[in-house]
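>>> coords please:
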Amino acid sequence: QQISVKGATTIAGRIVTKFGAPLPGGGAEGIDRLFPAPKMLARAELSGLGLTGGRIATLKALSSAVAAGKLDFTPRESLEAKIAEMTALPGIGEWTAHYVALRALGEPDAFPASDLGLRKSAGGGEPVSTAALQAMSQAWRPWRGYAALALWTT
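From the prediction side, this is the model:
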(Lines give C-alpha, C1' and ligand atoms only; values in the text may rest on other atoms or scores of the structure.)
Protein backbone atom coordinates (compact mmCIF):
# COMPACT_ATOMS: atom_id res chain seq x y z
CA GLN A 1 0.00 0.00 0.00
CA GLN A 2 2.76 2.44 -0.81
CA ILE A 3 1.76 6.04 -1.31
CA SER A 4 3.84 9.16 -1.68
CA VAL A 5 3.80 11.78 1.06
CA LYS A 6 2.27 14.20 -1.47
CA GLY A 7 -0.50 11.71 -2.32
CA ALA A 8 -1.20 11.05 1.35
CA THR A 9 -1.36 14.80 2.03
CA THR A 10 -3.88 15.26 -0.78
CA ILE A 11 -6.10 12.49 0.56
CA ALA A 12 -5.80 13.79 4.13
CA GLY A 13 -6.96 17.18 2.86
CA ARG A 14 -10.02 15.57 1.27
CA ILE A 15 -10.82 13.76 4.52
CA VAL A 16 -10.52 16.99 6.52
CA THR A 17 -12.66 18.90 4.03
CA LYS A 18 -15.42 16.28 4.10
CA PHE A 19 -15.41 15.22 7.76
CA GLY A 20 -13.50 17.82 9.77
CA ALA A 21 -15.28 20.23 12.09
CA PRO A 22 -14.78 23.95 11.44
CA LEU A 23 -11.80 25.39 13.31
CA PRO A 24 -12.97 27.74 16.06
CA GLY A 25 -12.10 31.29 15.13
CA GLY A 26 -11.72 30.48 11.45
CA GLY A 27 -8.03 29.54 11.46
CA ALA A 28 -5.37 30.65 9.03
CA GLU A 29 -5.76 30.87 5.28
CA GLY A 30 -6.27 27.37 3.92
CA ILE A 31 -6.49 25.84 7.40
CA ASP A 32 -10.07 26.15 8.55
CA ARG A 33 -11.04 22.66 9.72
CA LEU A 34 -9.87 20.20 12.37
CA PHE A 35 -8.82 16.68 11.47
CA PRO A 36 -11.75 14.36 12.24
CA ALA A 37 -11.76 12.47 15.51
CA PRO A 38 -10.99 8.73 15.34
CA LYS A 39 -14.57 7.84 16.32
CA MET A 40 -15.86 9.90 13.37
CA LEU A 41 -13.43 8.28 10.90
CA ALA A 42 -14.23 4.79 12.16
CA ARG A 43 -17.82 5.17 10.99
CA ALA A 44 -17.32 7.57 8.05
CA GLU A 45 -18.12 6.67 4.44
CA LEU A 46 -14.66 7.09 2.91
CA SER A 47 -15.32 5.98 -0.65
CA GLY A 48 -15.00 8.64 -3.33
CA LEU A 49 -11.96 10.30 -1.72
CA GLY A 50 -9.29 8.55 -3.77
CA LEU A 51 -8.62 5.77 -1.28
CA THR A 52 -8.35 2.15 -2.35
CA GLY A 53 -10.45 -0.45 -0.55
CA GLY A 54 -7.38 -1.62 1.33
CA ARG A 55 -6.53 1.88 2.51
CA ILE A 56 -10.11 2.46 3.63
CA ALA A 57 -9.96 -0.77 5.66
CA THR A 58 -6.61 0.28 7.18
CA LEU A 59 -7.84 3.76 8.08
CA LYS A 60 -11.00 2.34 9.64
CA ALA A 61 -9.03 -0.27 11.63
CA LEU A 62 -6.60 2.40 12.87
CA SER A 63 -9.41 4.82 13.75
CA SER A 64 -11.41 2.11 15.52
CA ALA A 65 -8.37 1.00 17.53
CA VAL A 66 -7.61 4.56 18.65
CA ALA A 67 -11.28 5.31 19.43
CA ALA A 68 -11.57 2.12 21.49
CA GLY A 69 -8.36 2.84 23.41
CA LYS A 70 -6.62 -0.22 21.95
CA LEU A 71 -3.91 1.89 20.32
CA ASP A 72 -2.19 4.15 22.80
CA PHE A 73 0.14 6.96 21.76
CA THR A 74 1.00 8.21 25.23
CA PRO A 75 4.63 9.06 26.03
CA ARG A 76 4.88 6.28 28.62
CA GLU A 77 5.04 3.64 25.90
CA SER A 78 8.32 2.62 24.34
CA LEU A 79 8.94 3.12 20.64
CA GLU A 80 8.95 -0.65 20.20
CA ALA A 81 5.51 -0.94 21.84
CA LYS A 82 4.09 1.78 19.61
CA ILE A 83 5.52 0.12 16.48
CA ALA A 84 4.15 -3.28 17.56
CA GLU A 85 0.68 -1.84 18.23
CA MET A 86 0.55 -0.12 14.85
CA THR A 87 1.92 -3.02 12.80
CA ALA A 88 -0.61 -5.39 14.42
CA LEU A 89 -3.31 -3.53 12.48
CA PRO A 90 -4.11 -4.61 8.92
CA GLY A 91 -2.32 -2.61 6.24
CA ILE A 92 0.23 -0.93 8.52
CA GLY A 93 3.82 -2.00 8.02
CA GLU A 94 7.14 -1.03 9.54
CA TRP A 95 7.68 2.01 7.27
CA THR A 96 4.28 3.51 8.10
CA ALA A 97 4.61 2.83 11.82
CA HIS A 98 8.07 4.39 12.01
CA TYR A 99 7.02 7.36 9.87
CA VAL A 100 4.00 8.03 12.12
CA ALA A 101 6.17 7.63 15.22
CA LEU A 102 8.71 10.09 13.82
CA ARG A 103 6.44 12.74 12.32
CA ALA A 104 3.29 12.57 14.43
CA LEU A 105 4.54 11.31 17.78
CA GLY A 106 7.94 13.01 17.88
CA GLU A 107 9.84 9.79 18.56
CA PRO A 108 13.54 10.70 18.22
CA ASP A 109 14.63 7.11 17.50
CA ALA A 110 11.96 6.22 14.93
CA PHE A 111 13.68 5.22 11.70
CA PRO A 112 11.85 3.95 8.58
CA ALA A 113 14.85 1.98 7.32
CA SER A 114 13.04 0.59 4.27
CA ASP A 115 12.50 4.11 2.88
CA LEU A 116 14.04 4.27 -0.59
CA GLY A 117 15.15 7.89 -0.13
CA LEU A 118 17.00 7.03 3.07
CA ARG A 119 18.57 3.95 1.50
CA LYS A 120 19.78 5.95 -1.52
CA SER A 121 21.14 8.78 0.59
CA ALA A 122 22.98 6.39 2.91
CA GLY A 123 24.51 4.70 -0.13
CA GLY A 124 25.66 7.91 -1.77
CA GLY A 125 23.06 7.66 -4.52
CA GLU A 126 22.98 3.88 -4.91
CA PRO A 127 20.51 2.32 -2.45
CA VAL A 128 21.85 0.13 0.31
CA SER A 129 19.68 -2.73 1.55
CA THR A 130 17.20 -2.17 4.34
CA ALA A 131 19.22 -4.55 6.52
CA ALA A 132 22.44 -2.64 5.81
CA LEU A 133 20.81 0.68 6.66
CA GLN A 134 19.28 -0.81 9.79
CA ALA A 135 22.74 -1.99 10.89
CA MET A 136 24.32 1.37 10.01
CA SER A 137 21.65 3.22 11.99
CA GLN A 138 22.42 1.44 15.26
CA ALA A 139 25.31 3.85 15.84
CA TRP A 140 22.85 6.76 15.72
CA ARG A 141 20.61 5.51 18.55
CA PRO A 142 18.71 7.02 20.29
CA TRP A 143 18.54 9.82 17.70
CA ARG A 144 17.93 7.93 14.46
CA GLY A 145 14.93 10.11 13.64
CA TYR A 146 17.24 13.11 13.32
CA ALA A 147 19.53 11.05 11.10
CA ALA A 148 16.52 10.23 8.90
CA LEU A 149 15.66 13.91 8.57
CA ALA A 150 19.26 14.71 7.63
CA LEU A 151 19.44 11.86 5.11
CA TRP A 152 16.18 13.00 3.47
CA THR A 153 17.72 16.42 2.84
CA THR A 154 20.86 15.09 1.12
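>>> break this protein down into its domains, please.
Here the domain parsing of the chain from automatic domain parsing is 1-71, 116-152.
>>> residues in contact with the residue sitting nearest the centre point of the chain?
Centroid-nearest residue in the chain: residue 100, 3.0 Å away (criterion: Cα atoms, centre = their mean). Residue 100 makes contacts with residue 86, as judged by Cβ atoms under 8 Å, 6 or more residues apart in numbering. The way it works is simple: take the backbone N, C-alpha and C, and place the C-beta from them, glycine included.
>>> give me the phi and psi for it.
Dihedral pair for residue 100: phi -60, psi -40, per degrees, to the nearest 10.
>>> give me the three-state assignment for residue 147.
Using DSSP: H, G, I helix; E, B strand; the rest coil, the structure places residue 147 in helix.
>>> possible to save the domains of the chain as TSV with mean neighbour count, mean pLDDT and distance to residue 87?
Formatted as TSV, these follow (neighbours: other Cβ atoms under 10 Å; pLDDT from 0 to 100; distance: least, Cβ to Cβ, whole Å):
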stretch	mean neighbour count	mean pLDDT	distance to residue 87
domain 1-71	14	90	11
domain 116-152	15	97	15
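>>> want to throw those domains into CSV with distance to residue 84?
Below are the domains of the chain laid out as CSV (distance: least, Cβ to Cβ, whole Å):
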stretch, distance to residue 84
domain 1-71, 11
domain 116-152, 17
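>>> tell me which of those domains sits nearest to residue 104.
domain 1-71 (10.7 Å; Cβ to Cβ).
>>> got a list of what the residue nearest to residue 32 when sequence neighbours are not counted touches?
Once flanking residues are discounted, residue 32 sits nearest to residue 23: 5.3 Å by Cβ to Cβ, 6 or more residues apart in numbering. Listed by Cβ under 8 Å, 6+ apart, the contact set of residue 23 reads 31, 32, 33, 34.
>>> kindly recompute the last result at 6 Å.
Residues near residue 23 by Cβ atoms under 6 Å, 6 or more residues apart in numbering: 32, 33, 34.
>>> could you check how far the residue nearest to the centre of the chain is from residue 69?
18 Å (Cβ to Cβ, to the nearest Å).
>>> same check, this time on residue 11
For residue 11, the distance to residue 69 - Cβ to Cβ - is 26 Å.
>>> and the helices in this protein?
Secondary structure of the chain (DSSP state H): helices at 5-19, 38-43, 53-67, 79-87, 94-103, 116-122, 130-137, 144-152.
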